[in-house]
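>>> Curious how this folds, go ahead:
(2 chains)
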2 protein chains.
Amino acid sequence: MLAAGGRVLAEAIYATRSIPPADQAALDGFAVAANATIGASSYNPLLLPLRAISAGDAMPPGTDSVIPLGLGQQTHSGVECVEALAPGENVETQGCVAAPGALLASAGTLMLPARIGMLIGAGLVNVAVVRRPLVRIVVTPGSAAIDSNGPMCRALVHRDGGVTSDILAAGRSRSAVRSAIETEKADIVLVIGGTGPGADDHAAAALAEAGDLAIHGIALRPGETTGLGHTHGNVPAILLPGSPAACFLAYEMLAGRAVRRLGGRDPGLPYRCRTMRTGRKIVSAIGMTEICPVRCATPDLAEPLPSFGETGLMAAAAADGFVIVPEGSEGYPQGAPVTVYLYEGSHIGG
Amino acid sequence: MLAAGGRVLAEAIYATRSIPPADQAALDGFAVAANATIGASSYNPLLLPLRAISAGDAMPPGTDSVIPLGLGQQTHSGVECVEALAPGENVETQGCVAAPGALLASAGTLMLPARIGMLIGAGLVNVAVVRRPLVRIVVTPGSAAIDSNGPMCRALVHRDGGVTSDILAAGRSRSAVRSAIETEKADIVLVIGGTGPGADDHAAAALAEAGDLAIHGIALRPGETTGLGHTHGNVPAILLPGSPAACFLAYEMLAGRAVRRLGGRDPGLPYRCRTMRTGRKIVSAIGMTEICPVRCATPDLAEPLPSFGETGLMAAAAADGFVIVPEGSEGYPQGAPVTVYLYEGSHIGG
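Numbers count the residues shown, from 1 in each chain, chains lettered A, B, ... in the order given. I've put the predicted structure just below:
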């Protein structure tokens, strides 16, 4: 059941038995038969030989109610009861939370810790969850000596609930990239690099040969040379630019959505968002979606930082979050309300 | 470096070399020597033998600027240039993002994927991160046949960046619990169950013998019997109630905070939060902190659900989030603004 953590249910789960399975104490106190408390008051405390009981414990035979801790005074010779109880008082009856057959969790429910606990408590041992998608990452090393895109995308895929096999470093040639796309079993293939107009950029041609290149070039800046298609085996393939900031943004805006959807998760961006005001004007080109990194000067004020185009991944590293400027917008004036997607932590929210 | 994902930097990271390491193309286009474009215009296009270049590629020798893709028309015999460029145009010069010695990331920075990519791209291979805290979970099986608290707490610890060894099922006796607390090496110990007033509840006495019981009983409902202290070896120990909802809430309000802090993370609750209005009155007892589960009827309206006291973990399983009613409050009237902590997804926010 622990392995289900962070995944989503493939099907609805119904109670196989009553919850709780038997009458149980609703709070810490002393289990008692209600009719033994008749006549008890602070003027007439009754001394009863009672057993202490914890919330959630099954009611002992012969008891039907619970004196709360604060209302029963334990003495050497028993518990002084100063209030009469009604039968069933402070007791959760068998099945009061769920009867057998009741819906416990819908298909698509994310298995958060409390839900794991609830289902185990309901007697379930195994649940069917949506398989984590297997994401194949192919890098095509370009002029840069170090590949930072592969490890970055791997971390992104893990965040989004996918699993990765080893990063495959294909050669730069069209045939090498094509064969890397073709050979691998996966639920989705990410090819990084070789998407541009350079003489040794062959990712698009390789995907066209290995299946179908549906789109090459999108209105995202940086990220213009992103491509989409699928292999002959009908596995979705996404071509991510080799420039690190473009690779990151194309993953965030396109590939991540696909990975999350394949795993049954909410495909939306996995960031908290909040409405803030812009600390300065945000300028963006009409016709292109741009991602503007911002720093949260106060919980309400988003200060634009130098763009991904200017400082690459340093923009994401330095930012508290980002604003999406859609392709139809020229940006926002100072003080305008914008939706800020926050990279981390809840300490900024509130 | 991938292993650093989700952890926080133990120390600040400084650039060991220039970023970028050499002059590079700022966008996709054609690398050119600017003085070869002098006089170019749409009336006087110059046909130049140019190399296509992708954003991020190093500038080839003899070139100092980049003609954007849209402004250079590729023909069979070369590229038609219709605009003169200034030297350095569309080129990111060596070190323009960071000079050697510049601060790249502060101590305490959470290693998100883009930051991993940025640091690898900056030539860093290893970074020092705060160790994941080792959390020892001890369960003391009570009357309930199935232990759901251990797996739930394990999932919670993993969420909070901790690691767990096998869940240790101690006996219910004081000596068994004490010996479980004493023997284990860990950064923090969670003892689940046996915190109540029952005859076989010995967690508090066991911790008092195994070290120091600083607090037993807190103003949290459910969760009243939570305890805090430390072992003789000065390892923090938290006693969580065995009732699943109380165990969950005591973890959330106390233990999780400690686990996150030990791992260098933000100790605050790891939930997005937003201000919403209450759909109905929320009633709470003065003197106790209560956690009220809510369903988000609209992005702005929080409908209270049956409490954790009434339906146990089912409350968390059915809820979209929760409201914390502090001990000094009697609750909130209908329509009052409240801070809602959201359990999942960003689709509710916006």
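
>>> Next secondary structure after the helix or strand in which A:A31 is found?
Assigned by DSSP states H and E, A:A31 belongs to strand A:29-32. Next along the chain after strand A:29-32, taking DSSP H and E as the criterion, comes strand A:46-48.

>>> I'd like the next helix or strand past that next one.
Heading C-terminal from strand A:46-48, the first helix or strand you meet, by DSSP H and E, is strand A:51-53.

>>> what about that next one, distance to the chain center?
Computed by CA atoms, centre = their mean, to the nearest Å, the chain-centroid distance of strand A:51-53 equals 41 Å.

>>> ok, and for that strand, which residues are buried?
By 16 or more other CB atoms under 10 Å in any protein chain shown, the buried positions in strand A:51-53 come out as A:52-53. All C-beta spots, glycine's among them, are computed from the backbone N, C-alpha and C.

>>> same deal with stretch A:34-46?
For stretch A:34-46, a neighbour-count test (16+ other CB under 10 Å) marks A:34, A:36-37, A:40, A:45-46 as buried.

>>> follow-up on the earlier one: what pairs with the strand holding A:A31, parallel or antiparallel?
In the sheet, strand A:29-32 lines up against strand A:51-53 (antiparallel), strand A:65-68 (antiparallel) (DSSP bridges).

>>> averaging pLDDT over each of those strands, which comes out lowest?
Mean pLDDT is lowest for strand A:51-53 among the strands paired with strand A:29-32, at a mean of 85.

>>> what's the burial count for the closest residue to A:G328 other than its chain neighbours?
Among residues not flanking A:G328 along the chain, A:I286 sits closest, at 7.1 Å (CB to CB, 6 or more residues apart in numbering or on different chains). Each residue near A:I286 was counted by other CB atoms under 10 Å in any protein chain shown, and the total is 10.

>>> my guess is A:A237 meets A:A180, correct?
No - the pair A:A237 / A:A180 is not scored as a contact, 10.6 Å apart, by CB atoms under 8 Å.

>>> can you list residues touching both of the two?
Common neighbours of A:A237 and A:A180 are listed as A:V191 (criterion: CB atoms under 8 Å, 6 or more residues apart in numbering or on different chains).

>>> mind listing the strands for the stretch 201-350 of chain A?
Assignment of strands within the stretch 201-350 of chain A using DSSP state E, counting those that start in this stretch yields the ranges A:211-216, A:220-221, A:227-231, A:236-240, A:272-278, A:282-283, A:289-298, A:301-304, A:321-325, A:331-332, A:337-342.

>>> Am I right that A:R260 is in contact with A:D160?
Yes - the pair A:R260 / A:D160 is scored as a contact, 4.9 Å apart, by CB under 8 Å.

>>> Who has more neighbours out of these two?
The neighbour comparison of A:R260 against A:D160 (other CB under 10 Å) goes to A:D160, with 25 against 22.

>>> Quick check: the nearest residue to that one once chain neighbours are set aside vs A:I67, distance?
Computed as CB to CB, 6+ apart, the closest residue to A:D160 that is not its neighbour in sequence is A:V259, at 4.4 Å. With distances taken as CB to CB, to the nearest Å, A:V259 is found 55 Å from A:I67.

>>> and what of A:A285?
Distance from A:A285 to A:I67, by CB to CB: 72 Å.

>>> What ranges in the stretch 151-300 of chain A fall below the confidence cut-off?
Residues of the stretch 151-300 of chain A meeting the criterion pLDDT under 70: A:184.

>>> For A:S179, which three-state class applies?
Under the three-state scheme (DSSP: H, G, I helix; E, B strand; the rest coil), A:S179 adopts helix.

>>> Please list all residues in contact with it.
Taking CB under 8 Å, 6+ apart, we find A:S179 in contact with A:A170.

>>> ok so, going back, between A:A237 and A:A180, point out the one with more neighbours.
A:A237 (25 against 21).

>>> so what's the more buried one closest to, chain neighbours aside?
Nearest non-adjacent residue to A:A237, counting by CB to CB, 6+ apart: A:V189, 4.4 Å away.

>>> Which residues does the one you found form beta bridges with?
According to DSSP bridges, the partner residues bridging A:V189 are A:R136, A:A237.

>>> Neighbours of it, how many?
So A:V189, with other CB under 10 Å, has 28 neighbours.

>>> Surely it and A:P236 touch.
Yes - A:V189 is within contact range of A:P236, at 7.3 Å (criterion: CB under 8 Å).

>>> Could you give the number of residues near the residue nearest to A:R221 when sequence neighbours are not counted?
Excluding its sequence neighbours, the residue lying closest to A:R221 (CB to CB, 6+ apart) is A:M288, at 4.4 Å. Using other CB under 10 Å, A:M288 is surrounded by 17 other residues.

>>> quick revisit: can you say which of the strands of the stretch 201-350 of chain A is packed in most?
Stretch with highest mean neighbour count among those: strand A:236-240 (a mean of 26; mean count of other CB atoms under 10 Å in any protein chain shown).

>>> the inter-axis angle of that strand versus strand A:227-231?
Between strand A:236-240 and strand A:227-231, the angle comes out at 150 degrees (axes from the mean of the first three to the mean of the last three CA atoms, to 10 degrees).

>>> Strand A:236-240: how far from the chain's middle?
Chain-centre distance of strand A:236-240: 23 Å, with CA atoms, centre = their mean.

>>> And stretch A:243-257, by the same measure?
Between the centre of stretch A:243-257 and the centre of its chain there are 18 Å (CA atoms, centre = their mean).

>>> Show me how chain A divides into domains.
Domain assignment for chain A by automatic domain parsing gives A:2-20+A:97-121, A:24-92, A:134-262, A:272-342.

>>> which one of those is the most hemmed in?
domain A:134-262 (a mean of 22).

>>> So which residues make contact with stretch A:134-141?
The contact list for stretch A:134-141 (CB under 8 Å, 6+ apart) reads A:147, A:149-150, A:153-154, A:157, A:162-165, A:167-172, A:176-177, A:180-181, A:184-194, A:202-203, A:242, A:259.

>>> May I have it exported as PDB, CA atoms only?
Output of stretch A:134-141 as PDB, limited to C-alpha atoms (Å, rounded to 0.1, in the frame of the first residue of the first chain):
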ATOM      1  CA  LEU A 134       8.000   5.100 -18.100                       C
ATOM      2  CA  VAL A 135       9.700   8.200 -19.700                       C
ATOM      3  CA  ARG A 136      12.600   7.600 -22.000                       C
ATOM      4  CA  ILE A 137      15.100  10.500 -22.100                       C
ATOM      5  CA  VAL A 138      17.400  10.700 -25.100                       C
ATOM      6  CA  VAL A 139      20.000  13.400 -25.100                       C
ATOM      7  CA  THR A 140      22.000  14.400 -28.200                       C
ATOM      8  CA  PRO A 141      25.100  16.000 -26.900                       C
END
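
>>> what mean pLDDT does it have?
On average, the pLDDT along stretch A:134-141 is 91.

>>> can you check stretch A:39-49 too?
The average pLDDT within stretch A:39-49 is 92.

>>> Give me the distance between the two termini of that stretch.
One end of stretch A:39-49 sits 16 Å from the other (CA to CA, to the nearest Å).

>>> For it, give me every contacting residue.
If you take CB under 8 Å, 6+ apart as the criterion, stretch A:39-49 is touched by A:30, A:32, A:36-37, A:73, A:75, A:77-84.

>>> rerun that using 7 Å as the cut-off
Residues outside stretch A:39-49 that contact it (CB atoms under 7 Å, 6 or more residues apart in numbering or on different chains) are A:32, A:36-37, A:77-84.

>>> Work out the gap between that stretch and the centre of the chain.
Distance of stretch A:39-49 from its chain centroid, counting by CA atoms, centre = their mean, is 54 Å.

>>> near chain B, which residues of the stretch 201-350 of chain A show up?
By CB under 7 Å from any CB of the partner chain, the part of the stretch 201-350 of chain A that sits against chain B consists of A:201, A:222, A:224-225, A:242-244, A:246, A:248, A:266, A:268-273, A:309, A:311-314, A:316-317, A:339, A:343-347, A:349-350.

>>> Run through the stretch 1-150 of chain A and note the low-pLDDT ranges.
The model of the stretch 1-150 of chain A has pLDDT under 70 over residues A:142-145.
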